[in-house]
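J.: Pasting the sequence and the predicted coordinates here, then a few questions.
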Amino acid sequence: MTYADDSFDTLPRMPSWVTSVRAETSEDVAFLSGAALAHLHLVLAQPNVPQDLLRARLALRAAEACVIHSGRPERAADLRDAVGFLQPGDGPGPAGEVYQSWQRAVERPVSVKALHRALPHLTPEQIAVWLDGCDPREAGQAAPIPRAVSVLEAVTKERSRDYGTALILADTALAQALGWSQMLPFLSLGLKRADLRLDGDELSTAAHRAVVKAASRVVRETAELERRTQRLKAAAPRLRAKGADEAVALFLKSDVIAPMNLSSFGSQRAARRFCDRLVELGVARELTGRDTFRLYGV
Amino acid sequence: MARDHLDTDLDRELEDLPQELRWREWMRRIEAVLFASASPVPSEDLARVVGQGVSVELLVEDLIADLEGRSFEVAKVSGGWMMRTRPVYAPAIKAAADVDDQDLDLRDYDVAVLAAIAYHQPITRDGLKDIFGKEISRDLIGRLHAQDLIGTGPRSPRRGAPYTYVTTEKFLIAFDLETLQDLPDREQLQDAGLSQKSQNSF
């Protein structure tokens, strides 16, 4: 399904020269990455951007990238399954843990405490040292990309295979340097596995390239999620089931929803019926293609 | 914990030693830590016994060069460093030493099931049944579990929500893989007629 001629298309477009110019020198790449970041800043500030949902969706993409880097076979659908049906006492498995880390890292404003919740295998001291003290006065001082790159380099040096940890911390450092209160998975979307083995200037250039690549991806994803949430909002008044308002609110901020987690309806059956109704109205999608254990999202 | 205790008591900087001896002492410390540990030690842990900001990588490199010609070596395994005997001495060790309890003692069929789990993880017992065309016994799964070669993954989203199996860090160590990506390429195996494409576990 395409929404190309949808009337909700209100986000500013990325100037085409940012992504179409083939940059050769590191100065050119850095220039384009600056332009891409500035544009992204503008896009994210638009009033209708579903911030929570966007972060949740990008967390999934970033987790998938990390799982691929570490050579595991799971992909986005497996990650959603691993975490979507978690029951008390069960673990999500190695790939699901990476996804959970990303989910927790984007859920709350950046702080050592929030990151410790996302990365429980690190001590708060370690996190603070890597993030340069997490001092709000520090944040925004160093140039964004060098700051993120130095964090990335420091963490990969000590935890050579732990791409998830390194990229979460690098993206957090980037968000801090850009003055964002919450982290947005970003560098992790653009960096390739081979890039993570680089250091120094080569890593910097790879990071700038990654920013250009990630920015256009994030802008695209933002535009799509914005359109979809607008449709859901427009359809919301027609949903009169008891508990529908709470459920719609959840849909507007979560990447994926299992009907069993929609407690506002009082029964699983009503929750399932509501989800199917959203699909009928064309404002939500069933994500798994299964008949049972279904997952939904906008 | 012991770790904090270490941090306060151990003289990491060794400032009273001349530079060359200091370096040597740091190498020996790393050697001692690796010798004493049964599992791979991550670089960040090794960094705790040497001076602040000193490159563990360089120290380990020198240590590896130092051990040239000895029967054991320092190897990088699953995100850490580990000391182990060189593979050529396996027959000698087997002939003389009592290493039964360290031996993985896997039967051929166990290895086949382990390989299937490695390639198709997370996979349920039903998924394994589809691959092998017969039930995989709980005993066999239990043996792999007991050896810590597999662990429990997420529940599979299907009737009864059965548990899936995944491989562990120990699996990577036992088969000398840095990551799962180092498994022999699936396509190559298929081309060689050693594996048939089977449907995904979900």
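T.: Arrived safely. Numbering: from 1, shown residues only, chains lettered A, B, ... in the order given.
J.: Next, count neighbours for B:Arg70.
T.: Residues within reach of B:Arg70, counting by other CB atoms under 10 Å in any protein chain shown, total 9. Yep, even glycine has a C-beta here, placed from its N, CA and C like the rest.
J.: Tell me how far it lies from B:Asp148.
T.: According to CB to CB, to the nearest Å, B:Arg70 stands 29 Å off from B:Asp148.
J.: Next to chain B, which bits of chain A? Give me the list.
T.: A:70-74, A:77-78, A:81-87, A:90-96, A:157-162, A:288, A:290, A:292-293 (CB under 8 Å from any CB of the partner chain).
J.: quick one, what contacts residue 152?
T.: Let's take chain A. Counting by CB atoms under 8 Å, 6 or more residues apart in numbering or on different chains, A:Leu152 makes contact with A:Ala166, A:Leu167, A:Leu169, A:Ala170, A:Leu187, A:Leu196, A:Leu203, A:Ala207.
J.: I was thinking of chain B, sorry if that wasn't clear
T.: Here B:Thr152 is in contact with A:Gly91, A:Gly93, B:Tyr163, B:Thr164, B:Tyr165, B:Val166 (CB under 8 Å, 6+ apart).
J.: ok, stretch B:135-145 near chain A or not?
T.: No. Applying CB under 8 Å from any CB, one finds stretch B:135-145 out of contact with chain A, separated by at least 14.2 Å.
J.: residues making contact with that stretch?
T.: B:Leu106, B:Tyr109, B:Asp110, B:Val113, B:Leu114, B:Ile117, B:Arg125, B:Leu128, B:Lys129, B:Ile150, B:Gly151, B:Tyr165.
J.: So the last one lies in a strand, does it not?
T.: Yes. Secondary structure of B:Tyr165 (DSSP: H, G, I helix; E, B strand; the rest coil): part of a strand.
J.: Was I right to think it contacts B:Tyr119?
T.: No. Counting by CB atoms under 8 Å, B:Tyr165 does not reach B:Tyr119; the two are 12.0 Å apart.
J.: quick one: which of the two has more around it?
T.: More neighbours surround B:Tyr165 than the other of B:Tyr165 and B:Tyr119, with 29 against 18 (other CB under 10 Å).
J.: lowest confidence element among the helices and strands of chain B?
T.: Lowest mean confidence among the helices and strands of chain B (mean pLDDT, DSSP states H and E): helix B:2-9, at a mean of 54.
J.: Next secondary structure element downstream of that one?
T.: helix B:19-36 (DSSP states H and E).
J.: Name the residues of that next one that come out as buried.
T.: B:Arg22, B:Trp23, B:Trp26, B:Met27, B:Arg29, B:Ile30, B:Glu31, B:Val33, B:Leu34 (16 or more other CB atoms under 10 Å in any protein chain shown).
J.: Where does pLDDT dip in chain B?
T.: Applying pLDDT under 70 to chain B flags the ranges B:1-8, B:98-105, B:189-190, B:192-202.
J.: same question, chain A
T.: Judged by pLDDT under 70, the stretches of chain A that qualify are A:1-9, A:133-141.
J.: Pick out the residue nearest the middle of it.
T.: Nearest to the geometric centre of chain A sits A:Leu58, at 2.0 Å (CA atoms, centre = their mean).
J.: Quick one: residues contacting it.
T.: A:Val106, A:Leu184, A:Pro185, A:Phe186, A:Leu189, A:Val218, A:Glu221.
J.: Near chain A, which residues of chain B? Just list them.
T.: Residues of chain B lying near chain A (CB under 8 Å from any CB): B:42-44, B:47, B:57, B:76, B:78-79, B:119-122, B:151-159, B:161, B:164, B:166, B:178-183, B:202.
J.: and residue 151, what does it touch?
T.: By default, I'm working from chain A. A:Trp130, A:Leu131, A:Asp132, A:Ala166, A:Leu169, A:Ala170, A:Thr172, A:Ala173.
J.: that's the wrong chain, I meant chain B
T.: A:Gly93, A:Pro94, B:His145, B:Tyr165, B:Val166, B:Thr167, B:Thr168.
J.: top of the residues you listed by neighbour count?
T.: When neighbours are counted by other CB under 10 Å, B:Tyr165 leads the contacts of B:Gly151 with 29 neighbours.
J.: How about the stretch 1-150 of chain A: which residue is closest to chain B?
T.: Chain B sits closest to A:Gly71 of the stretch 1-150 of chain A, with a gap of 2.9 Å, by CB to the nearest CB.
J.: my guess is that residue meets B:Asp185, correct?
T.: No. Using CB under 8 Å, A:Gly71 is not in contact with B:Asp185, being 11.6 Å away.
J.: Between these two, point out the one with more neighbours.
T.: A:Gly71 (16 against 10).
J.: who's in contact with B:Lys170?
T.: Per CB under 8 Å, 6+ apart, neighbours of B:Lys170: B:Gln147, B:Asp148, B:Leu149.
J.: No further queries at this time; thank you.
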